[in-house]
Structures are given as C-alpha cells and as structure tokens.
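S.K.: quick one: sequence and predicted model below, then my questions.
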Amino acid sequence: MNTTTLKRSGANDGFVLNEGYFARRNLLDWLFAALVVCGGLYVFFRYQAQMDVYEKGILLGVIPAAIAMGWFWRPLRALMLVVTVGSLLGIVSYQGDLARAEQVFWLKYFLSSQSAILWMSMLFFMGTLFYWFGMIASRGDGGNSAAFEAMGSKIVWVAIGMALIGTMVRWYEGYLIGPDIGHIPVSNLYEVFVLFSWMTATFYLYFEAQYKTRALGAFVMLVVSAAVGFLLWYTVVRGAHEIQPLVPALKSWWMKLHVPANFIGYGMFSLAAMVSLAYLIKQQATEKRWYKLTPLWMLGVVICFVPIVFRKSAADVGGGNYWLGYLFVSGLISAGILLGRQRLAERLPSFEVLDDVMYKAIAVGFAFFTIATVLGALWAAEAWGGYWSWDPKETWALIVWLNYAAWLHMRLMKGLRGTVAAWWALVGLAVTTFAFLGVNMFLSGLHSYGEL
C-alpha cells in the first residue's frame, strides 16, 4: 500500500515527498488502535451468543470507526478511555445484583445510570454558567474571561463523559432487570434527550477547537441546558428514568443505527440555530430603536412561554412551580442578552466565522439526517411492511429534510449568507423541534410510543 504522495514544490518544478495517512501515525496512534481492536474483539467473542448477525456487523464496524475518530480528533481518545474505565467499574460493581446500586458508594453517588446522568445535568448547567461568566468578565492581562471559558470547556468534557458512562451502565442495568428488558438506551424521550445533550456538546467542542474560540459556548450550551432542564422535569414529574421494556416495533437492530444518526442531525441543527442567534445579536449590537429589535425580543417571549405546552391541564404547569422557574430564568437570560448585546457582540467571533460554523453544522446535520431518514424507511419496511406511510412523524421528518435541503441549495447555488440565512436556521430549529416533540404531543400515529 502506498503511504506517500508526490507534491509539486513550486518554481523549480521539482517534487517533494509527503507522508501518507498511515505513515503519519505515531506510536500512541497505533497503541490506541490496538486497544480499540482488543476491546472490540473481547466484546465480540464474549457476547456473540447474545447478538444476531446484524449486531455483530455493527460491532465490527464500530471498531474501525472508533479508531478513525480517535486519530481524527485526539481528545476523543481520552474520552473513550475514561468512559471505558468508568463504565467497566460501574458494571463490575453490580456483580449481577441491581440492588447494589443503593449499597455501593460509587454506584450510589456516581456510576449508576441515574447518578451519572444527574451529574451530567449539573455539570452541563455549570459549564453553561462558566461560559457566560467568560462572556461578561473582563479580558486582557487582568481579566478572568479566558480562565472562565477554559473552565467551562473542561466541565463540559466531564459532563459528556458522565453522560456516556450513564448510558453504558443503563444499558447493562436493563439486562439485570431481565434479558428481555435490556436494550440500547435510545428508545424513549428520556434516553434520547441524554443522547442529544452529549452529542450536541461534543460537536460544539470540536468547532471550539477548530476555530480556537470559546465565545460561542455561552450560546450553544443554552440549548443543551434547555434539553437538560426538560430531562430533569421528565424524570421527576413523569418518572421517565425507569427502564421499560421495548414495544414490539422497537425490537430491531435498526434502532441502533437510525436513532443515533437522527440525533446527530437534531444536535447539529440546534447548534446551527444557536450560532445563528449569536450572529443576529452581533448584527443588532448597535441598534438603539427597540421596534427594530422586535423579532429578537419576540423570539425571547416565545422561548419563555414554550413550557406552557407541557402542562396537562389548565391547573397543571408540569410539576409544581418547575416551569414557572424555567419561565423566570429564561426571561432573565433573554432580557440579559438583549440588554447586553453590544458587550456580547464584542466577544463573539467575526461574522465570517459565525457564518462558516452555521453552514458546516447544517451540512453535517443534513448528511446524517438524510442517512437516518433512509434507515428509517428500511426499518419501516421491515416493521410495518412499507417504506413510507405518511405517518405524522415521517411527514414532519420530510418537512425538516426539505427545509435544510432548500437552505443548503440556496447557500451553494445562490450564495445565501447573513441575516436571511441566520433567521432561516432559527426557523429550522422551530420546525425540527416540532418534528421531534410536537408530533409526539399533538399528533398520533405509528410513532406514538414516544409520546409525552
């Protein structure tokens, strides 16, 4: 196999020898690859009796994918190592007895699925706060802005690790309840909100590293914190953290592919929307006429009153005063952003960077959402006998796909940029949110197993 390429050197028309992809790998790269292969093969031979041929194929495909991701972005190696060690410690500590979750110290307070996910929630809130401290703190030699933002970034990394540990341990806990109960934890709204939170945060951290700016964390982590807020309400009020058996339609290996691909799309669309919000704030930083800011403060009003739709009756706001607290906090945030928009705009990266992040996030999200839609059609053919049935969830998934297809078409063919692109991305988040949650709340169909 060739591991070198030739490149013209320039004026003298000579050639220089460049190292190929594999030749650039160092000892740590190959050691990481060996660990992944050994771990993957151990799992394969240890649990192959419990897997069908498709699941074995998925596992074998995960091995090179994990190696490629670790080579592509090196911080993922440390994350994978920490998650592996934490998950194994949690699983081994159970010793086949679910009751040990309340008896073993580190299970009870750190590594059981519920404990780890609660830590994830708290850490995401803390990371968001530190990013905002960094936005409003003074910069320069005597300022703490960079330190706050760096701390926020580190806290978010830890939160992602706890989310993944909680997910892996929850997977094992399901099998402790019963062999017919255990399943990959991406089957209901509780589980996919955890998935959405850590995936969105991870992609944001990648952009943060690529563009060498942490200023966007304050905005992007707002959507993650909102998801965590919903997750906590869903846990306390609806008891959604309890592991439930799968409905027959979900007992398929397709779920292991379709749902993660879908939520990469959702996460990237949400990330793009928050970047577009930052774009609009920066653009309107010097605007003094409040009527010119009507779209922005109306957006704040909508965000504040979204929780009203979660109440079950006119007298129920969803668990005591929880949503009133959400209303108060989101109102403070929206008002603070509008009032402090000029100071925030100074901290945000250039319009070119904001526009580029928005575009790349939508492009990646669209690619994975397309894959998820195709996989969903194949799954539907197996489960219900047809690739497409115009079920409400399918119909709104198509609307989401067409919306972002049009956005990308206008970007690539017509050079869509600036204000229109930013507002379109925000509208896209509203459409995506309805496809994700609104359909489950207000419409019924073949996907009604995900209802609130």
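M.R.: Cool, got the structure. Since this is a predicted model, take the numbers as computed values, not measurements.
S.K.: what helix or strand is the closest residue to residue 186 other than its chain neighbours on?
M.R.: Leaving out its chain neighbours, the residue that sits closest to residue 186 by C-beta to C-beta, 6 or more residues apart in numbering is residue 259, at 4.2 Å. Yep, even glycine has a C-beta here, placed from its N, CA and C like the rest. If you go by DSSP states H and E, residue 259 is part of helix 255-283.
S.K.: now for the host helix or strand of residue 346, which elements pack on it?
M.R.: Taking DSSP H and E as the criterion, residue 346 maps to helix 341-347. Applying 3 or more C-beta pairs under 8 Å, 6 or more residues apart in numbering; DSSP states H and E, we find helix 341-347 packed against helix 113-136, helix 255-283.
S.K.: those helices: which one's closest to residue 290?
M.R.: Closest approach to residue 290 among the helices and strands packed on helix 341-347 is made by helix 255-283 (14.6 Å; C-beta to C-beta).
S.K.: quick check: mean pLDDT across the closest one?
M.R.: If you average the pLDDT over helix 255-283, you get 94.
S.K.: one more: stretch 81-99?
M.R.: In the prediction, stretch 81-99 has an average pLDDT of 94.
S.K.: also stretch 169-182?
M.R.: Here the average pLDDT along stretch 169-182 is 90.
S.K.: about what we covered before: dump the helix holding residue 346 to PDB, keeping only the CA atoms.
M.R.: Provided in PDB are the C-alpha atoms of helix 341-347 (Å, rounded to 0.1, in the frame of the first residue of the first chain):
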ATOM      1  CA  ARG A 341     -26.000  42.700  23.200                       C
ATOM      2  CA  GLN A 342     -23.300  45.300  22.500                       C
ATOM      3  CA  ARG A 343     -20.900  43.800  25.000                       C
ATOM      4  CA  LEU A 344     -21.700  40.300  23.900                       C
ATOM      5  CA  ALA A 345     -21.100  41.300  20.200                       C
ATOM      6  CA  GLU A 346     -17.600  42.400  21.100                       C
ATOM      7  CA  ARG A 347     -16.800  38.900  22.400                       C
END
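S.K.: so which bits of it are buried?
M.R.: 341, 344, 347 (16 or more other C-beta atoms under 10 Å).
S.K.: now swap in stretch 107-118 and tell me
M.R.: Those would be 107, 110-118, for stretch 107-118 by 16+ other C-beta under 10 Å.
S.K.: looking at these, which is nearest residue 85?
M.R.: residue 111 (10.6 Å).
S.K.: contacting residues for the closest one?
M.R.: 86, 89-90, 93, 165, 169 (C-beta atoms under 8 Å, 6 or more residues apart in numbering).
S.K.: ok, residue 362 next?
M.R.: Residues near residue 362 by C-beta under 8 Å, 6+ apart: 268-269, 272, 404, 407-408, 425, 428.
S.K.: how about residue 342?
M.R.: For residue 342, the contacting residues are 285-286, by C-beta under 8 Å, 6+ apart.
S.K.: pLDDT score for it?
M.R.: 89.
S.K.: do the one 3 residues further on as well
M.R.: Listed pLDDT for residue 345 reads 91.
S.K.: is it true that it touches residue 280?
M.R.: No - the pair residue 345 / residue 280 is not scored as a contact, 10.2 Å apart, by C-beta atoms under 8 Å.
S.K.: how is the chain divided into domains?
M.R.: 19-72, 247-452 (automatic domain parsing).
S.K.: returning to what we had before: now do the helix holding residue 259: which elements does it pack against?
M.R.: So helix 255-283, by 3+ C-beta pairs under 8 Å, 6+ apart, packs with helix 53-72, helix 189-211, helix 217-238, helix 294-305, helix 341-347, helix 351-384, helix 418-433.
S.K.: tell me the spacing between residue 195 and residue 348.
M.R.: Between residue 195 and residue 348 the computed distance is 28 Å (C-beta to C-beta, to the nearest Å).
S.K.: do residue 162 as well
M.R.: Distance from residue 162 to residue 348, by C-beta to C-beta: 29 Å.
S.K.: who has more neighbours, the two?
M.R.: residue 162 (26 against 22; other C-beta atoms under 10 Å).
S.K.: would TSV of the helices and strands packed on helix 255-283 with distance to residue 324 be doable?
M.R.: Shown next, in TSV, are the helices and strands packed on helix 255-283 (distance: least, C-beta to C-beta, whole Å):
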stretch	distance to residue 324
helix 53-72	42
helix 189-211	21
helix 217-238	12
helix 294-305	11
helix 341-347	26
helix 351-384	33
helix 418-433	21
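S.K.: what's the least confident stretch among these?
M.R.: helix 294-305 (a mean of 70).
S.K.: next, the buried residues of the following helix or strand past that one.
M.R.: The helix or strand immediately downstream of helix 294-305 is helix 322-339, counting by DSSP H and E. By 16+ other C-beta under 10 Å, the buried positions in helix 322-339 come out as 322-323, 326-327, 330, 333-334, 337-338.
S.K.: alright, calling it a day.
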